[in-house]
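K.L.:
Sequence and predicted structure are below.
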Amino acid sequence: MLPEPAEILKIVSFKTSRSGGKGGQNVNKVSSKVELVFNIDEAHFFTDEEKQRLKEKLVSRLDTEGLLHVISQEDRSQLLNKQRALLKLTAILKAGLTEQKPRRATKVPKAVKEKRLANKAANAQKKESRKAPRSAKGEW
């Protein structure tokens, strides 16, 4: 269960820096790039099992200290980038918490097997009809 964004904001930290890309001279003076840092261990609203599941699923996104970094620099506004970073974080957490349903093995239906064999037979017949007829001596 995902917490409210206000709960998440209490434990995340933001880092800002100058962003590249469009913006002209504004890029050189405004720190609009936002990096959100989230520590899974400090998230009191997750159970131990949920924290473990997040660490396992997000292992490629975590740094050596176990922190999750989310960067946003699409907008020229720092506030909008903070909001986007928070939305990205919630999407990542939601994907990390979802459990995949176990696959149920099923049999291949009889009709599907028969159709495949009929197609193979038709294909073999088509190729057989393309061959040149054999002569009486058994030569081509």
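P.N.:
Received it, and whenever you're ready, just let me know what you need.
K.L.:
From residue 89, how far out is the residue nearest to the spatial centre of the chain?
P.N.:
For the chain, residue 95 is the residue whose C-alpha lies nearest the centre (C-alpha atoms, centre = their mean; 7.9 Å). For residue 95, the distance to residue 89 (C-beta to C-beta, to the nearest Å) stands at 11 Å. For glycine as for every other residue, the C-beta is placed from the backbone atoms N, C-alpha and C.
K.L.:
circling back to that earlier point, give me every residue that touches the residue nearest to the centre of the chain.
P.N.:
residue 57 (C-beta atoms under 8 Å, 6 or more residues apart in numbering).
K.L.:
Which residue ranges of the protein form helices?
P.N.:
Using DSSP state H, the helices assigned to the chain run over residues 5-11, 26-29, 48-57, 78-97, 110-130.
K.L.:
Which one of the ones you listed has the poorest average confidence?
P.N.:
Taking each of those in turn, the lowest mean pLDDT turns up on helix 26-29, with a mean of 70.
K.L.:
Adding distance to residue 41, write the helices of the chain out as TSV.
P.N.:
Putting the helices of the chain into TSV (distance: least, C-beta to C-beta, whole Å) gives the following:
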stretch	distance to residue 41
helix 5-11	10
helix 26-29	36
helix 48-57	7
helix 78-97	14
helix 110-130	50
